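Trainee: Build me a model from this:
(one chain, ligands or ions: 2)
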Amino acid sequence: MSAAISIRDVRKSFPEVGPVLGPLDLEIEPATFVSVLGPSGCGKSTLLRLIIGLDTDHAGEILFDGEARDASVSMAFQEPRLLPWRSVRANLQLVCETADREQTIDGLLELVGLHEFHDALPKQLSGGMAQRVSLARALVNEPEVMLLDEPFSALDAMTRMRLQDALVHIHQARPTTTLLVTHDIDEALVTSDRVVVLADRPGRVVEDIAIAVPRPRDRTDARLIELKARILRALGTVDGTAETTPAPSSASAEPAAA
Ligand SMILES: Nc1ncnc2c1ncn2[C@@H]1O[C@H](COP(=O)(O)OP(=O)(O)OP(=O)(O)O)[C@@H](O)[C@H]1O
Ligand SMILES: [Mg+2]
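Mentor: Ligands and ions are numbered 1, 2, ... in the order given. Have a look, this model is predicted:
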């Protein structure tokens, strides 16, 4: 079951740097896909750490389904962080806690397009394939919330687009409440129900845009291009050097696994 997340008057400071986040208020509906954009250092990763409970030293409340309770929250990062001596399947087995473990893993490998690679070692995978395993691992225990911290930022533009499409497919098949932190505006536009733009440190919401375009989305859709301009303007007001995605090249570095 996907959880709703309520972030109420959340503020976070570090003694060395002072306030880095907030005051922040966000209500996230269950099963929605929300992207968070904002300048480097505005507290995006910090926000994810607060949500997953790695850091509880903050002001304000973070509630799941309206309650101050622990929720099952998974997280994936820029690096896949797979154990290099274990196969793809064994990496998933290590964390999988479901009763029908092998069936769960088979289903997820199918979902991320890696069924044929279940016996491969991480070194035999491309960056995009390894990141697919990382997504599968984040979903293996059917979390209520999935947090993704720039999961595709180390990949080339073409692979990144494929992974974004895979992420949309995964979310449609398993509508988990998802928070995606990214610097890639196009990634946010193609995947999300909603895009939240944070101000420079301390991160506060400067723009909150619903994207009512059905998925899968055409990246050249005029509505998305219009929203991109709005996001760029919002980022421009908080940071003069808004990072944007380079235009996709025609070549792909990822072996045909999808
Ligand atoms: N454990 C910590 N101790 C002290 N300061 C920290 C700590 N973690 C983060 N910070 C500071 O908090 C601020 C926000 O960091 P955070 O990593 O959340 O930014 P971010 O928005 O994720 O940036 P980026 O886009 O570069 O990943 C930064 O100034 C950082 O130096
Ligand atoms: Mg970060």
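Trainee: Check the secondary structure at the closest residue to residue 86 other than its chain neighbours for me.
Mentor: Distances taken as C-beta to C-beta, 6 or more residues apart in numbering put residue 94 closest to residue 86, at 6.8 Å, once the chain neighbours are dropped. Where you see a C-beta, it was placed from the backbone N, CA and C, and this is true even at glycine. Following DSSP: H, G, I helix; E, B strand; the rest coil, the label given to residue 94 is helix.
Trainee: pretty sure residue 94 is touching residue 85, no?
Mentor: No - Residue 94 is not in contact with residue 85 according to C-beta atoms under 8 Å; the separation is 11.3 Å.
Trainee: one step back: so for the residue nearest to residue 86, what's the pLDDT?
Mentor: Predicted confidence (pLDDT) for residue 94: 97.
Trainee: Equivalent analysis for residue 236, please.
Mentor: For residue 236, the model assigns a pLDDT of 87.
Trainee: do residue 257 as well
Mentor: So residue 257 comes in at 45 (pLDDT).
Trainee: Extract the residue ranges of the chain that are flagged as low pLDDT.
Mentor: Low-confidence segments of the chain (pLDDT under 70): 239-258.
Trainee: what residues does it put near ligand 1?
Mentor: 14, 16-17, 20, 38, 40-46, 201 (C-beta under 6 Å from any ligand atom).
Trainee: Of those residues, which pair is most distant in space?
Mentor: 16 and 38 (20.4 Å; C-beta to C-beta).
Trainee: Neighbour count: these two, which is higher?
Mentor: Set side by side, residue 16 and residue 38 show more neighbours around residue 38, with 28 against 5, by other C-beta atoms under 10 Å.
Trainee: Quick one: neighbours of the nearest residue to residue 210 once chain neighbours are set aside, just the number.
Mentor: Spatially, and ignoring its direct neighbours in sequence, residue 210 is nearest to residue 194 (5.2 Å; C-beta to C-beta, 6+ apart). Residue 194 has 18 neighbours, counted by other C-beta under 10 Å.
Trainee: Tell me the bridge partners for residue 194.
Mentor: residue 34, residue 210 (DSSP bridges).
Trainee: What is the three-state secondary structure of residue 6?
Mentor: strand.
Trainee: Beta-bridge partners for the residue of the stretch 151-258 of the chain found nearest ligand 2, please?
Mentor: Nearest residue of the stretch 151-258 of the chain to ligand 2 (C-beta to the ion) works out as residue 181 at 6.2 Å. Beta bridges link residue 181 to residue 36, residue 149 when assigned by DSSP bridges.
Trainee: give me every residue that touches residue 85.
Mentor: residue 121 (C-beta atoms under 8 Å, 6 or more residues apart in numbering).
Trainee: quick one: it from residue 116, how far?
Mentor: For residue 85, the distance to residue 116 (C-beta to C-beta, to the nearest Å) stands at 21 Å.
Trainee: Quick one: the helices in the protein, in order.
Mentor: Ranges of helices in the chain, per DSSP state H, are 44-52, 88-95, 101-111, 127-139, 157-173, 185-191, 222-238.
Trainee: Of these, which is nearest residue 206?
Mentor: Comparing those by C-beta to C-beta, helix 222-238 comes nearest, at 5.4 Å.
Trainee: got the angle for that closest one vs strand 33-37?
Mentor: Using axes from the mean of the first three to the mean of the last three C-alpha atoms, to 10 degrees, one finds that helix 222-238 and strand 33-37 are set 40 degrees apart in direction.
Trainee: Can you tell me how far residue 186 is from residue 171?
Mentor: Distance from residue 186 to residue 171, by C-beta to C-beta: 17 Å.
Trainee: Check residue 65 too.
Mentor: 19 Å.
Trainee: Looking at these two, which one has more neighbours?
Mentor: Set side by side, residue 65 and residue 171 show more neighbours around residue 171, with 21 against 14, by other C-beta under 10 Å.
Trainee: residues in contact with the more buried one?
Mentor: With C-beta under 8 Å, 6+ apart, residue 171 has these contacts: 33, 178, 191.
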